[in-house]
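> Quick one, what's the 3D model for this:
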Amino acid sequence: MMNCKPASTPIDAKNKLTTDDPPMDDATSYRSLAGALQFLTMTRPDIAFAIQQACLYMHDPRALHMVLLKRILWYVRGTTSHGLQLRASSDLSVTAYSDMDWARCPETRRSTSGFCVYLGDSLVSWSSKRQPAVSRSSAEAEYRAVANAGAECIWLR
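Residues are numbered from 1 along each chain as shown. From the prediction side, this is the model:
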């Protein structure tokens, strides 16, 4: 993948990941690559959501899912200079940002929420995951996302 064309984003948000394709003959390579990319999320939070989406299909990967992993590799290839940068700072204020995507999962209709927490100018904690329950409104899903971010801030303090 060293000579691949870089992608501008790690995942195409418009395409839906389905299980309509026939299963892969050898799922071991898919699982190995997805597992290796999971380790990369420790320093590359920008690919965390895309890797999480790919890992949803570890038990039964399809050709379309392997295309997703390749796209993540294309993105990583084009953004090798990205990553976490921790800087010395006298500012010890904790700042958190949260967001959610209401009922985005086409199968379960659950929302995806995420947050990132900064200590001064340095990113110290982040999360992106599917909410455990189906929200009846976008306000309810937003409340769950803010509650998760608030709990993380309290834990960090």
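
> Tell me the strands beside the least confident helix or strand in the chain by mean pLDDT, with direction?
Every helix and strand of the chain was ranked by mean pLDDT, DSSP states H and E. The lowest is strand 122-130, at a mean of 85. Strand 122-130 pairs in its sheet with strand 112-119 (antiparallel), by DSSP bridges.

> Now the residue lying farthest from the centre of the chain. Nearest residue, chain neighbours left out?
Relative to the C-alpha centroid of the chain, counting by Cα atoms, centre = their mean, residue 90 is the outermost residue, at 30.2 Å. Of all residues not flanking residue 90 in the chain, residue 120 sits nearest, at 7.8 Å (Cβ to Cβ, 6 or more residues apart in numbering). Heads up, the C-betas are built off the backbone N, CA and C, glycines and all.

> pull the longest helix from this structure.
helix 138-156 (DSSP state H).

> Which residue ranges make up each domain of the protein?
Here the domain parsing of the chain from automatic domain parsing is 10-84, 94-156.

> From start to finish, how long is the last one in a straight line?
So that's domain 94-156. 8 Å (Cα to Cα, to the nearest Å).

> ok, back up a step: name the residues of the longest helix of the chain that are buried.
140-142, 144-146, 148-149, 152 (16 or more other Cβ atoms under 10 Å).

> OK, contacts around the spatially most central residue of the chain?
In the chain, the centroid-proximal residue (Cα atoms, centre = their mean) is residue 49; its distance is 1.2 Å. Taking Cβ atoms under 8 Å, 6 or more residues apart in numbering, we find residue 49 in contact with 10-11, 112, 114, 128.
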